[in-house]
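Engineer: structure, please.
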Amino acid sequence: MGHNHSHNHTHNHNDLKGRNLLISILLNIGITVAQVIGGILSGSLALLSDALHNFSDVLSLVVSYVANKLTKKKASFHKTFGYKRAEILAAFINASTLIIVAVLLIIEAINRFKNPQEIESNLVIWLSVIAILGNGFSVLLLKKDAEANMNMKSAYLHLFTDMMASVAVLIGGLLMKYYQVFWVDSVLTFIIALYLIWMGYDLLKTSTKVLMLFTPDSIPIKKIVNEINAFESIKNVHHVHVWQLNEDEIHLEAHIDFNQDITLSQFDTILHEIEDLVFKKYDINHVNIQPEFGKDDAKDVIVQD
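Structural biologist: Okay, here's the model as predicted:
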């Protein structure tokens, strides 16, 4: 039994997110094609490396876009939660690819540092400027949603790090053009790749916790149990589970042993009080309580499989 508090989601907002993702996908496809052609013509491994990063962005944005569309699908008898976890799964995939691309960039940066080559710097400079402008626009499009949505944050991080990689390519192009310093691009790429791993790992860890149904870090289970136990009619709270379904839903289920054999209407009143308590203090918006009276089970086990 439980009460579902309202969620502040609208189709208009989801449509806007989808549109922004689609624009970012098209921009990155254009940037990738331009960088591949430019890298081949100029002989720049830096541009080809950045093109690889951009291509990974295209794939990650497509995953995010599909996940955003799936979340709009309604639940069914075979999918009782619908596709509410699609965006979490997308964040996990994107974080994983972010780390993989970073490792590839580090390998490429080390190889380039050992074997610096003179390249056509003018083409590198202009194409990196185009990539910075394109990715910068995409970053601005996704920035607001990235603050509240794990899937959008993963897409945002891909684009932001690629924009920074393009800045590194631009700096390298300028130094190569005016000072013939060819090794600086490798150093900058290495630093950006380390930053990419750091950001990707944090998102990978967060999305993994949600997929594994771990209790959110902000939820103090023992404190919640003590607060519910303080209700006069409640004897014991046990067999508690708390998990995060997606960005918007935190679920709590528990067995509650009552002091008396109360009626359903009395239970309903207590249930609403519990729901209000956990929602206002801990943002738990789905509560499922199994009422018990005199049931012979382990009352001292707070958390149990």
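Engineer: just give the nearest non-adjacent residue to residue 295, would you?
Structural biologist: Nearest residue to residue 295 in three dimensions, chain neighbours excluded: residue 257, at 7.0 Å (Cβ to Cβ, 6 or more residues apart in numbering). No exception for glycine: its C-beta is placed from N, CA and C like everyone else's.
Engineer: tell me, how many residues neighbour that neighbour?
Structural biologist: As a burial measure, residue 257 scores 17 neighbours (other Cβ atoms under 10 Å).
Engineer: surely it is within a helix?
Structural biologist: No. The assignment for residue 257, made by DSSP: H, G, I helix; E, B strand; the rest coil, is strand rather than a helix.
Engineer: surely it meets residue 234?
Structural biologist: Yes. Using Cβ atoms under 8 Å, residue 257 is in contact with residue 234, at 7.4 Å.
Engineer: if we can go back for a sec, ok, the residue nearest to residue 295 - contacts?
Structural biologist: Applying Cβ atoms under 8 Å, 6 or more residues apart in numbering to residue 257 gives the contacts 234-238, 292-293, 295, 299.
Engineer: which single one of those is nearest to residue 136?
Structural biologist: Taking Cβ to Cβ as the measure, residue 136 lies nearest residue 237 of the contacts of residue 257, at 51.3 Å.
Engineer: pretty sure the closest one is in a helix, no?
Structural biologist: No. Under three-state DSSP, residue 237 falls outside any helix and is assigned strand.
Engineer: give the bridge partners for it, please.
Structural biologist: For residue 237, the residues forming beta bridges with it (DSSP bridges) are residue 256.
Engineer: how far away is it from residue 88?
Structural biologist: Remark: distance between residue 237 and residue 88 (Cβ to Cβ, to the nearest Å) = 28 Å.
Engineer: go on, residue 132?
Structural biologist: Computed with Cβ to Cβ, the distance linking residue 132 and residue 88 is 30 Å.
Engineer: compare those two (neighbour count), which wins?
Structural biologist: Shown here are residue 132 and residue 88; by other Cβ under 10 Å, residue 88 has more neighbours (24 against 19).
Engineer: thinking the more buried one is in contact with residue 152, fair?
Structural biologist: No. Using Cβ under 8 Å, residue 88 makes no contact with residue 152, being 11.8 Å away.
Engineer: so residue 219 is in which element?
Structural biologist: Taking DSSP states H and E as the definition, residue 219 sits outside all helices and strands.
Engineer: how many other residues sit next to it?
Structural biologist: The number of residues packed near residue 219 is 17, by other Cβ under 10 Å.
Engineer: what do you get for the one 5 residues further on?
Structural biologist: Burial measure for residue 224: 21 neighbouring residues, criterion other Cβ under 10 Å.
Engineer: start at 44, not 1
Structural biologist: In the new count, where the first residue is 44, that last one comes out as residue 267.
Engineer: which residues touch it?
Structural biologist: 283, 285, 295, 321, 325.
Engineer: assign a three-state SS to residue 123, would you?
Structural biologist: At residue 123 the chain is in coil, as set by three-state DSSP.
Engineer: burial of it, as a residue count?
Structural biologist: Other residues near residue 123 number 7, with proximity taken as other Cβ under 10 Å.
Engineer: following the helix or strand bottoming out on mean pLDDT in the chain, which helix or strand shows up next?
Structural biologist: For the chain, using mean pLDDT, DSSP states H and E, the weakest element among its helices and strands is helix 88-113, scoring a mean of 77. Toward the C-terminal end, the helix or strand that comes next after helix 88-113 (DSSP H and E) is helix 129-157.
Engineer: returning to that earlier point: can you list the buried residues in the least confident helix or strand of the chain?
Structural biologist: Within helix 88-113, the residues that count as buried by 16 or more other Cβ atoms under 10 Å are 88-108, 110-111, 113.
Engineer: also stretch 185-202?
Structural biologist: 185, 188-189, 192-202.
Engineer: who's in contact with that stretch?
Structural biologist: For stretch 185-202, contacts defined as Cβ under 8 Å, 6+ apart pick out 60, 63-64, 67, 71, 99-100, 103-104, 107, 110-111, 129-131, 133-134, 137-138, 141, 178, 181-182, 242-243, 246, 249-250, 253, 290.
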